[in-house]
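**Q** Take this sequence and fold it.
(one chain, ligands or ions: 1)
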Amino acid sequence: MENRTKGRHWLHGGHGHTTALTTDGGYAEYMVAYEDGLISIPDEITPEEAAPLLCAGETTFSALHNSCAKMGDLVAVSGIGGLGHLAVQYARKAGYEVAAISRGTDKKELAMKLGAHHYIDCEVENPAESLKALGGAKVILATAPKASVISSLMGGLGTKGELIIAAVDDTPLDWSAMDFLMGPNTVKGTFTDINEMEAAVKFSVLTDVRPMIEVFPLEQAAEAYEKMMAAKTHFRAVLRIGKS
Ligand SMILES: NC(=O)c1ccc[n+]([C@@H]2O[C@H](COP(=O)([O-])OP(=O)(O)OC[C@H]3O[C@@H](n4cnc5c(N)ncnc54)[C@H](OP(=O)(O)O)[C@@H]3O)[C@@H](O)[C@H]2O)c1
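**A** Next up is the predicted model:
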C-alpha cells in the first residue's frame, strides 16, 4: 500500500504499481490488481481491440481532449505508428481539420483512410512550412520519437498554438527564445494516465475508433515480442489470453 502514492510510475497496475514492464507476471491468465488500477470495458469492443486503447489510445485521446483545439481547427499528427494512427482517427472524429505527417509515401493512403484531410511527407516537404501554408496548426501532436523531428514542428504552429509531445526521446530539443516569442506558442508533454482511460474507451466506442492490431496466442508471446521489437507489427501486437 505504501508505494501507491509515491512518485509517478508506469501505472496500469494502479497508482504506482507495475505490471509486465519491470515486474514479471503481466503475461498471465490471472493477476491481482488494485481496484484503482481497473476500468470497465464495454461489450461493444473486444478485449483485444481495447488493450491498445489503454496506452496508445488514452495518450493520444487525452492529449487532444485537453488541448486548445476546437472543432474545425487544424490539428497535425507527426508519426503514423501505434500512437499516430489512433491520433488521426480521434482528431477526425473530434471534428478537426487533420494533417498527418510521416516520412515517405507508404503511410499516405492509410492516413487518408483513417481520416486525415492532408498528408505531409516530411522527406520532401518541410512540415512546418506546409502547416503554415494551411494556415498554421492549432495543435501539433508529436509521436515520432526523434528530437530533430519534434524540434522542426514548432514553426508549423499558428497563433496561440500548442505543440504536444507524446514521443519519448531524451535528446535535447532545439529551440531559441524567439521560437516562443513569435507565437506565443506552448510546448507541453503528455503522459498516459489511468484517469482518462475510461473516457478514451468510451469515445472510441461512440465514434468507432479502433486500433490496428495483430493478435497472437499467449503461447506465442516471444514471437510477438520479437516482431514488435523489429517494428514489423502494424501497429500493435496483442496477446490473446484464453479464448475470446
Ligand atoms: N507519452 C506517453 O504516455 C506515451 C505512451 C505510449 C508511447 N509513447 C511513446 O510514443 C512514441 C511513439 O510510440 P508508437 O508506439 O507510436 O511507436 P511506433 O509505432 O514505432 O510509431 C512511431 C512512428 O514515428 C515515425 N518515425 C520514427 N522516426 C521518424 C523520423 N526520424 N522521421 C519521421 N517519422 C519517424 C515512424 O515512422 P516509420 O513508420 O516510417 O518508421 C512511426 O510511424 C514512442 O517514443 C513511445 O515510447 C509515449
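**Q** which regions of this protein sit below the pLDDT cut-off?
**A** 1-25, 243-244 (pLDDT under 70).
**Q** Up against the ligand, what does it have?
**A** 55-56, 59, 79-84, 102-103, 122, 143-146, 149, 166-168, 190-192, 231, 235 (Cβ under 6 Å from any ligand atom). The way it works is simple: take the backbone N, C-alpha and C, and place the C-beta from them, glycine included.
**Q** 5 Å instead?
**A** Residues of the chain lying close to the ligand by Cβ under 5 Å from any ligand atom are 59, 79-83, 103, 143-146, 149, 166-168, 191-192.
**Q** Weed out the non-buried ones from the residues you listed.
**A** Neighbour-count burial (16 or more other Cβ atoms under 10 Å) applied to these gives 59, 79-83, 103, 143-145, 149, 166-167, 192.
**Q** Redo the residues you listed as TSV? Include secondary structure.
**A** Listed next are those as TSV, based on DSSP: H, G, I helix; E, B strand; the rest coil:
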residue	secondary structure
T59	helix
G79	coil
I80	coil
G81	coil
G82	coil
L83	coil
R103	coil
T143	coil
A144	coil
P145	coil
V149	helix
A166	coil
A167	coil
T192	coil
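**Q** what two of these are the furthest from one another?
**A** Using Cβ to Cβ, the pair of these lying farthest apart is R103 and T192, separated by 24.7 Å.
**Q** where's the nearest residue in space to A111 that is not next to it in sequence relative to the ligand, distance?
**A** Distance criterion Cβ to Cβ, 6 or more residues apart in numbering; nearest residue to A111, sequence neighbours excluded, is A100 at 3.7 Å. Note on A100: its distance to the ligand, by Cβ to the nearest ligand atom, to the nearest Å, is 10 Å.
**Q** shouldn't A100 be in contact with C122?
**A** No - in this structure, A100 is not within contact of C122 by Cβ atoms under 8 Å, at 10.4 Å.
**Q** More neighbours: which of the two?
**A** The residue with more neighbours, out of A100 and C122, is A100; 28 against 19, by other Cβ atoms under 10 Å.
**Q** Pretty sure the more buried one sits in a strand.
**A** Yes - the assignment for A100 (three-state DSSP) places it in a strand.
**Q** Residue in this structure with the shortest distance to the ligand?
**A** For the chain and the ligand, the shortest gap (Cβ to the nearest ligand atom) falls at G81, measuring 1.8 Å.
**Q** which other helices and strands contact the helix or strand where K113 lies?
**A** K113 is part of helix 108-114 when elements are defined by DSSP states H and E. Judged by 3 or more Cβ pairs under 8 Å, 6 or more residues apart in numbering; DSSP states H and E, helix 108-114 is in contact with helix 84-93, strand 97-102, strand 118-121.
**Q** care to break this protein down by domain?
**A** Domain assignment for the chain by automatic domain parsing gives 2-54+195-240, 55-191.
**Q** what's the span of the last one, first residue to last?
**A** In domain 55-191, first residue to last residue: 9 Å (Cα to Cα, to the nearest Å).
**Q** How far off centre is that domain?
**A** 11 Å (Cα atoms, centre = their mean, to the nearest Å).
**Q** measure T143 to M182 for me?
**A** Applying Cβ to Cβ, to the nearest Å, the value for T143 to M182 is 25 Å.
**Q** about what we covered before: and the closest residue to the residue of the chain closest to the ligand other than its chain neighbours, how many neighbours does it have?
**A** Nearest residue to G81 in three dimensions, chain neighbours excluded: F235, at 5.8 Å (Cβ to Cβ, 6+ apart). By the measure other Cβ under 10 Å, the count of residues near F235 is 20.
**Q** before we move on, what about V201?
**A** Neighbour count for V201, taken as other Cβ under 10 Å: 24.
**Q** contacts for the host helix or strand of it?
**A** Counting by DSSP H and E, the element that carries V201 is helix 197-207. Residues outside helix 197-207 that contact it (Cβ atoms under 8 Å, 6 or more residues apart in numbering) are 39-42, 44-45, 50, 53-54, 57-58, 61-62, 65, 89-90, 93, 209-210.
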